[in-house]
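requesting a structural model of the entry that follows:
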Amino acid sequence: MADKEKIVIWGTGNIARQFYYREGYKYDIQYFIDNHKPKYRINYIPVYYPDEVNLKNNKIIIAIADWYEVAGQLEKMGLTFHKDYLPSELLHKNEIPIMDILERMTDKEDIEKAISDYQRGRKVALINGNCQTTRIRMYLQQNREFNKEYVFLDIPALYMLSADKVDLLMKDDFILRKIELFISQNISAGNAFDYRLSNEYLIGRMNENVTYIRISNLFFDIYFPQGGKEQDPARDDYIRDIFPYDDAVIDELVTKAGFDGNGYTAEEIVEIICMENLFTADFLEWVVRYRIEQLREREALCDVKMLDYIENNWLKEQLFYSRNHPVNKLLKEESVRILKAINSGWKETKIDHEETIPPLAINQEFMYPAFFDRLKPDFTKEWYSDTISECRYTLEEEVRKYLFCCHNR
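From the prediction side, this is the model:
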């Protein structure tokens, strides 16, 4: 046991027990700590209240769900994140949990040491963009060549980054100067989140020798020509989660007089939406040409382009769940192309365990029967899902739900 690190496990519940039986053989476990000490030992190892032992003698691994509360308790005792304690979920993390590090550590040397421990000799990478980049990051991490050479800073997607977190990240240039690989969608200074997250601003604060790879923000609404604007922020959060975008056709039908002058009923609107001739072939062909050209323009300055793949496959299989949520197959292809752009000499571009990467299928826009009738894709669309249910809904059910949620009909 002499060559094993001595640790103490904080917690005695399921998470602590799982950690003990999964990871315990790697450590010399002294005892367990719990604010609510149980009446039994775990595998004959004693359990103590925090005030019964000197917590500064051994590193503490917090193995409970809400580790932040315990972290605050330990910090009041003078203990430091990473050096004196660490949550079990971050112990073997294959990313640098930079926001936790910056939020809980102030000494620059301690921060440098924590980052170095997670680097394990690898170069630091950053990917910047929306929800698509969270999946691309997962794919890249599942490639052995990438994982040997690079480790990502664990920074959330743009829409999840609060101003306070951006302040922390930008407080000192030394974090950004560590980045040797910067992958980013086209984020302009006028983005809706923070000008400091723009490519121009970030690149300006990195080392001049950083490898910079520009990728496209994949946006493709040919499948959804009826798509409207994003939902009104004033709406109930549940509604906005289920239906993040307005449906322009349904919204228009709700305002019409209808067959008898008293407005269309919900069932009449469902019937209209399901008409196979609702869109003309000429209209849809114009939509296709216009949207393809838009994508071409967006990719003009990108180092990794996806237009050729989309053009060759969008009628063979559904490539997008909603206008900005691609299927995993498309994101995997983009990830492989990114790998080749990073280092064309890598022999291996295989993505291991890709089945573990969750799809962006949580919100799905309606695909009208007229789309299938006029453009005749090789695939069909039989059901939909949403954020608050694991059920599968038909288009008719989804339209009724939309009318109920968005128009109280």
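
so where do the helices sit in the stretch 301-409 of the chain?
Ranges of helices within the stretch 301-409 of the chain are 307-313, 328-342, 369-375, 395-407, based on DSSP state H, counting those that start in this stretch.

wait, the stretch 151-300 of the chain
Assigned by DSSP H, counting those that start in this stretch, the stretch 151-300 of the chain shows helices spanning 163-170, 174-177, 199-204, 237-242, 248-255, 266-273, 281-298.

would you single out the least confident of those?
Lowest mean pLDDT of these: helix 237-242, a mean of 85.

give me the contacts around it.
With contacts defined as CB atoms under 8 Å, 6 or more residues apart in numbering, helix 237-242 is touched by 231, 233, 363, 386-388, 401, 405-406. Every residue, glycine included, has its C-beta placed from N, CA and C.

buried ones among those?
Among the contacts of helix 237-242, those classed as buried by 16 or more other CB atoms under 10 Å are 231, 363, 386, 401, 405-406.

which of those residues lies closest to residue 271?
Distance to residue 271 across the buried ones among the contacts of helix 237-242 (CB to CB) is lowest for residue 401, with 16.1 Å.

identify the residues contacting the closest one.
Contacts of residue 401 (CB under 8 Å, 6+ apart): 242, 393.

the chain should start at 55 in everything you say after this.
Okay, using 55 as the starting number, the last item reads as residue 455.

pLDDT below threshold where in the protein?
For the chain, applying pLDDT under 70 flags the ranges 55-56, 92-94, 444.

neighbours of the spatially closest residue to residue 301 that is not a sequence neighbour, how many?
Distances taken as CB to CB, 6 or more residues apart in numbering place residue 280 nearest to residue 301, at 5.6 Å, with adjacent residues excluded. Residues lying near residue 280 (other CB atoms under 10 Å) number 22.

same check on the one 10 residues further on?
Other residues within reach of residue 290 by the criterion other CB under 10 Å amount to 10.

just the one 10 residues further on next, same as before
Taking other CB under 10 Å as the neighbour definition, residue 300 ends up with a count of 17.

who's in contact with the closest residue to it other than its chain neighbours?
With sequence-adjacent residues excluded and distances taken as CB to CB, 6+ apart, residue 300 is closest to residue 282, at 3.2 Å. Applying CB under 8 Å, 6+ apart to residue 282 gives the contacts 299-302, 305.

just the buried ones from the residues you listed, in PyMOL syntax?
Only the buried entries of the contacts of residue 282 go into this PyMOL selection, using 16+ other CB under 10 Å:
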select buried, resi 299+300+301
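
residue nearest the middle of this protein, spatially speaking?
The C-alpha lying nearest the average C-alpha coordinate of the chain belongs to residue 188 (CA atoms, centre = their mean; 3.7 Å).

so that residue is in which element?
Per DSSP states H and E, residue 188 falls inside helix 185-195.

gap between whatever helix or strand comes next after that helix and the chain center?
Counting by DSSP H and E, the next helix or strand C-terminal to helix 185-195 is helix 198-203. Here helix 198-203 is found 21 Å from its chain centre; the criterion is CA atoms, centre = their mean, to the nearest Å.

swap in stretch 406-413?
The answer for stretch 406-413 is 13 Å, by CA atoms, centre = their mean.

what's the end-to-end length of that stretch?
Start-to-end span of stretch 406-413 (CA to CA, to the nearest Å) is 16 Å.

can you check stretch 317-331 too?
End-to-end span of stretch 317-331 (CA to CA): 22 Å.

residues of that stretch that come out buried?
In stretch 317-331, counting by 16+ other CB under 10 Å, buried: 318, 323-324, 327.

hmm, which two among these are most spread apart?
318 and 327 (10.6 Å).

reformat the buried ones among the contacts of helix 291-296 as TSV; add distance to residue 192.
Formatted as TSV, the buried ones among the contacts of helix 291-296 follow (distance: CB to CB, whole Å):
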residue	distance to residue 192
285	27
417	19
440	23
455	31
459	31
460	33
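
which one of those is nearest residue 128?
Once CB to CB is applied, the member of those that ends up nearest residue 128 is residue 417, at 39.2 Å.

check contacts around that closest one.
Contacts of residue 417 by CB under 8 Å, 6+ apart are 295-298, 375-376, 379, 440-441.

got phi/psi on it?
According to degrees, to the nearest 10, the main-chain angles of residue 417 amount to phi -120, psi 130.

what's the answer for residue 298, then?
phi -70, psi -20.

how about residue 227?
Dihedral angles for residue 227 - degrees, to the nearest 10 - are phi -60, psi -10.

got the contact list for the closest residue to it other than its chain neighbours?
Excluding its sequence neighbours, the residue lying closest to residue 227 (CB to CB, 6+ apart) is residue 259, at 5.3 Å. By CB under 8 Å, 6+ apart, residue 259 lies in contact with 224, 227, 230-231.

next, count neighbours for the closest residue to residue 59 other than its chain neighbours.
Leaving out its chain neighbours, the residue that sits closest to residue 59 by CB to CB, 6+ apart is residue 81, at 5.6 Å. Residue 81 has 19 neighbours, counted by other CB under 10 Å.

go on, residue 145?
Neighbours of residue 145 (other CB under 10 Å): 14.
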